[in-house]
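Participant: Sequence first, predicted model second:
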Amino acid sequence: MHVIVATDGSRASLDGARQFIGFADGDAVTEVTVVAVVSPYAAAPFANEIGPTRTPLMTSLSFADDARVAAETVAAEFSAWGPRVHTQVRSGSPAQEIIRAAEETDAALIVLAAGSRGLSRTILLGSTASRVQHSAPCAVLVCR
């Protein structure tokens with residue numbers, strides 16, 4: 001079984017990956033692809049809360065670097081678990097790119113955080129999680 005694990009660079013996305021590892025059957029999961037998406041139209045294209053702190057350069061390259069570091073940080077959680085682990089950094093709408101990654105890899109499951117910023121942290125399902133949940137080609141695990 002191939003699993004997509006989405007990260008937006010938030011602690012919530014790292015916690016979601018850890019929750020999945022905590023209860024999933026490691027023998028059933030053969031591959032994990034950690035996907036980070038840089039949104040070129042967002043006010044904050046990518047927020048890195050889980051990688052090393054550095055002075056950001058306000059360029060798309062720095063956001064891609066932050067996304068790569070976040071994906072690698074989440075991927076490291078799976079290093080001792082067993083399945084082959086891949087990372088991808090994509091550009092575009094986070095929901096659309098997560099869904100596209102699931103389609104391209106024929107994933108059986110998408111794992112992502114419910115939302116990590118603003119009211120969505122405690123009250124609402126985040127817009128990306130909601131869009132993925134309604135349009136995904138496979139099962140979706142939304143972690144709070």
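Facilitator: Thanks, I have the structure now.
Participant: packing partners for the worst-scoring helix or strand of the chain on mean pLDDT?
Facilitator: None of the helices or strands of the chain scores lower by mean pLDDT, DSSP states H and E than helix 60-76, at a mean of 85. Judged by 3 or more C-beta pairs under 8 Å, 6 or more residues apart in numbering; DSSP states H and E, the packing partners of helix 60-76 are strand 2-7, helix 11-23, strand 31-38, strand 84-91. For the C-beta atoms, the positions are set from N, CA and C on the backbone; glycine is no exception.
Participant: Mind putting these into JSON lines with distance to L141, mean pLDDT and mean neighbour count?
Facilitator: Below are the helices and strands packed on helix 60-76 laid out as JSON lines (distance: least, C-beta to C-beta, whole Å; pLDDT from 0 to 100; neighbours: other C-beta atoms under 10 Å):
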{"stretch": "strand 2-7", "distance to L141": "9", "mean pLDDT": "96", "mean neighbour count": "27"}
{"stretch": "helix 11-23", "distance to L141": "6", "mean pLDDT": "92", "mean neighbour count": "17"}
{"stretch": "strand 31-38", "distance to L141": "13", "mean pLDDT": "95", "mean neighbour count": "25"}
{"stretch": "strand 84-91", "distance to L141": "17", "mean pLDDT": "95", "mean neighbour count": "18"}
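Participant: Let me have these in a markdown table, extended by distance to A76.
Facilitator: What follows is those, written out as a markdown table (distance: least, C-beta to C-beta, whole Å):
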| stretch | distance to A76 |
| --- | --- |
| strand 2-7 | 12 |
| helix 11-23 | 10 |
| strand 31-38 | 9 |
| strand 84-91 | 9 |
